[in-house]
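A.B. asks: Compute the structure for the input listed below.
(chains A, B, C and D)
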Number of protein chains: 2
Amino acid sequence: MTVPLPKQEASSKERLRLWLRMLRVTRQVEAELRERLRLEYDSTLPRFDVMAALQRDPDGLKMNELSRRLRVSNGNVTGIVERLVDDGAVERIALEGDRRATLVRLTAAGRRAFAEMATAHEGWINALLDGVSEDDAHHIGELLHRLPADTGETT
Amino acid sequence: MTVPLPKQEASSKERLRLWLRMLRVTRQVEAELRERLRLEYDSTLPRFDVMAALQRDPDGLKMNELSRRLRVSNGNVTGIVERLVDDGAVERIALEGDRRATLVRLTAAGRRAFAEMATAHEGWINALLDGVSEDDAHHIGELLHRLPADTGETT
DNA sequence: GTATGAAATTTCAAGCTTGAAGTATATCCC
DNA sequence: GGGATATACTTCAAGCTTGAAATTTCATAC
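C.D. replies: Below is the predicted model:
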């Protein structure tokens, strides 16, 4: 009788390799985006993310909800929003009926700034992912979608 | 004459979607890894990365080289190595013939600790990427490999 | 109405990360 | 040799991130 080795040894190694590659690609792309946001818009990726979330809800979001959507801690959002307020891109609004909560929304200037950055952002991504056809993109997207890690509502 | 619209509009959107999905998956996986390293080994992902790089070179690496391989800034490596030295996982060694440079290498304890973490790490990845067959992993890997963003030597 | 617990948010310490500035040493060139 | 330049590294300020500990306000149960 032969001793049964773990069945998935080969696929385990292959998955590890895939993970390392995904990590390297995303870090590289993120680094590019971060640098361009900094140089061209004097902004950052976290700020961009918050603005993107707010942009979808013209009436604003509670800090709560913002933190949940972005999947970052509450305390983290506090700091980022604070800087966005300083930038004049975002405003805090008292929520009627619950003095614990705050509503956060883009200012008019914030909406303008975001629109401009978002256009550039899409272009950068498009260039950085050059070489991935529409079909490939769709295909990889489907595969990733099956992962336990891909749980969420953002489109 | 019709005005020519940008040819790649559809694939641009598809690429953006792919990017957002990749970002979400990698962040999710990273968050899991970070938490488990913290809870089970009282360590962090950056420290794990440094140890992984050092593990391949028993003779040690210059700070220089470490920073280049990990693709992070010099100053960053300084801090991480400092904490690893405090942990007793890593040691600094003066380099003969160049008093500017320092060699960094794993201690015996560091090697043992890394071996244990690396095994767990591979298992975690394997579980988190469950659902990706060996073929799929290989296929996605190949696609990612074609990206401009995927430039590098790590296997 | 009041205590008790839940909810929304902020504060905090620690660590990671970067880009820029600073220090020390090495190398090059005359 | 000696001055200029390059290399290896550290320091620093600013920002991001987390988990844990406050703080304030709300809701619920008696």
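A.B. asks: Surely A:Ser11 and B:Asp136 touch.
C.D. replies: No - here A:Ser11 lies out of contact with B:Asp136, judged by CB atoms under 8 Å, at a distance of 9.3 Å. The C-beta positions use only the backbone N, C-alpha and C, and glycine is treated the same way.
A.B. asks: next helix or strand past the host helix or strand of A:Leu103?
C.D. replies: For A:Leu103, the host element (DSSP states H and E) is strand A:102-106. Later in the chain than strand A:102-106, the nearest helix or strand by DSSP H and E is helix A:108-128.
A.B. asks: do that next one and chain B meet at all?
C.D. replies: Yes - using CB under 8 Å from any CB of the partner chain, helix A:108-128 reaches chain B at A:122-123, A:125-128.
A.B. asks: And the residues you listed, which of them are buried?
C.D. replies: Using 16 or more other CB atoms under 10 Å in any protein chain shown as the burial test, the residues of helix A:108-128 next to chain B include A:122, A:125-126, A:128 as buried.
A.B. asks: what sits against A:Ser12?
C.D. replies: Applying CB atoms under 8 Å, 6 or more residues apart in numbering or on different chains to A:Ser12 gives the contacts A:6, B:122-123, B:125-126.
A.B. asks: Pull out the buried positions in the strand or helix carrying it.
C.D. replies: Secondary structure from DSSP H and E places A:Ser12 in helix A:9-41. For helix A:9-41, the neighbour count (16+ other CB under 10 Å) marks A:11-12, A:14-19, A:21-30, A:32-33, A:36-37, A:41 as buried.
A.B. asks: report the angle between the axes of that helix and helix A:108-128?
C.D. replies: 130 degrees (axes from the mean of the first three to the mean of the last three CA atoms, to 10 degrees).
A.B. asks: hmm, helix A:9-41 touching DNA strand C?
C.D. replies: Yes - using CB under 7 Å from any atom of the strand, helix A:9-41 comes into contact with DNA strand C via A:31, A:35, A:38.
A.B. asks: swap in stretch A:57-74?
C.D. replies: Yes - using CB under 7 Å from any atom of the strand, stretch A:57-74 reaches DNA strand C at A:62-65, A:74.
A.B. asks: thinking again about what came up before, out of the residues of helix A:9-41 next to DNA strand C, which is nearest to DNA strand C?
C.D. replies: A:Glu35 (5.1 Å; CB to the nearest atom of the strand).
A.B. asks: so what pLDDT did that closest one get?
C.D. replies: For A:Glu35, the pLDDT comes out at 96.
A.B. asks: cool, A:Val132 as well?
C.D. replies: What the model reports for A:Val132 is a pLDDT of 82.
A.B. asks: what about the helix or strand that contains A:Gly141, distance to the chain center?
C.D. replies: Assigning secondary structure by DSSP H and E places A:Gly141 in helix A:134-145. Between the centre of helix A:134-145 and the centre of its chain there are 18 Å (CA atoms, centre = their mean, to the nearest Å).
A.B. asks: how about the residue nearest to the spatial centre of chain A, what does it touch?
C.D. replies: For chain A, A:Asp49 is the residue whose C-alpha lies nearest the centre (CA atoms, centre = their mean; 5.3 Å). By CB under 8 Å, 6+ apart, the contact list for A:Asp49 reads A:Leu70.
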